[in-house]
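Colleague: structure for the following, please:
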Amino acid sequence: MRFSHNPIIMAFLISGLWAYPCHGQKDSVRVFKNTININVTNPMIFGDKYNVIGYERVINDYQTASVSIGRFGFPKFKTFDTDSLGLKNVYHDKGYHLSFEYRFYLRNENKHAAPRGIYLGPYYGFNYFSRESHWQLKTDNFNGEVITNMDLMANLLGVQLGYQFILWKRLTIDMILLGPGWWHLSLKTKFDTTLNPEDEAQLLEKINDLLEEKFPGSDLVIQGGGFKAKKTTSTTVAGLRYMLNLGFRF
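Modeller: Numbering: from 1, shown residues only. Model prediction:
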């Protein structure tokens, strides 16, 4: 007897194939636990020298951990020239950013598991920035070029609240809405030549003025924290973190 010509046997075979569980389809449903993102807010504030890439990893259904690393920099100081002081040019900009986050996606507020929805958690960030500037100084005691080296370090520690959208399963829009914390900043300025206290103070005050233009909120930090006209100083102030990240899941 040939099975292919027996309609009853063929019906049983076909029905058996339909009833057999399709493991391949079940296994094809992927769970994306990793997200690569880029910060798009700070480049608009600090310029194209701020380039940071982040990585977020799902730890469990409602928790994630992330790390961000990249280049940190201020826009160049605008050049100027007065009777006594002028900024000629800027050389050797360098800086970097490193930060860590742990997020708790609120189970009672979110319909979906991490990394989608509203989250709350701590963050730590470190920024380092160094710049060499060349100045033309003309006073009763000095006439010539002065080179200054400025190092700015910032340690940021706080708690943040945010919301992350997921589009088409792969794309993410991450908004850190509110991130209050304590920021410890230290500033060091070195001169390549010996100046009297009055000339040093004139240069340092101008550096502070230029920093205020490029570093949002630095007028409160520098003036209120005692950065004014000092070679080396530090301060701790209340700060606020906010940003927008665009990401891709895999």
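Colleague: let me see the contact set for Asp93.
Modeller: Shown in contact with Asp93 (CB atoms under 8 Å, 6 or more residues apart in numbering): Lys49, Gly73, Phe74, Lys76, Ser130, Arg131, Glu132. In this view, the C-beta of every residue, glycine as well, is placed from N, C-alpha and C.
Colleague: pull the longest strand from the chain.
Modeller: Determined from DSSP state E, the single longest strand within the chain is strand 143-167.
Colleague: helices or strands up against that one?
Modeller: strand 85-105, strand 117-138, strand 171-191, helix 197-214, strand 232-249 (3 or more CB pairs under 8 Å, 6 or more residues apart in numbering; DSSP states H and E).
Colleague: from His112, how far off is Thr189?
Modeller: Thr189 is 50 Å from His112, where distance means CB to CB, to the nearest Å.
Colleague: just Phe142 next, same as before
Modeller: 65 Å.
Colleague: and the two? Which one has more around it.
Modeller: Taking other CB atoms under 10 Å, Phe142 and His112 do not tie; Phe142 has more neighbours (15 against 11).
Colleague: now that one: closest residue in space, sequence neighbours ignored.
Modeller: Asp199 (5.6 Å; CB to CB, 6 or more residues apart in numbering).
Colleague: ok, Tyr50 - contacts?
Modeller: Asn39, Asn42, Pro43, Gly70, Arg71, Phe72, Gly73, His97.
Colleague: leaving out chain neighbours, which residue sits closest to the first one?
Modeller: Leaving out its chain neighbours, the residue that sits closest to Asn39 by CB to CB, 6+ apart is Val52, at 4.4 Å.
Colleague: just confirm the one you found is within a helix.
Modeller: No: counting by DSSP: H, G, I helix; E, B strand; the rest coil, Val52 is not found in a helix; it is strand.
Colleague: put the alpha carbons of stretch 123-134 into CSV.
Modeller: What follows is stretch 123-134, C-alpha atoms only, in CSV (Å, rounded to 0.1, in the frame of the first residue of the first chain):
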residue,chain,number,x,y,z
TYR,A,123,24.2,58.8,39.0
TYR,A,124,27.9,59.7,39.2
GLY,A,125,29.8,61.7,36.6
PHE,A,126,33.3,63.0,36.2
ASN,A,127,34.4,65.7,33.7
TYR,A,128,38.0,66.8,33.1
PHE,A,129,38.9,69.8,30.9
SER,A,130,42.3,71.4,30.1
ARG,A,131,43.1,74.3,27.9
GLU,A,132,46.2,76.3,27.0
SER,A,133,45.7,80.0,26.1
HIS,A,134,48.1,82.6,24.8
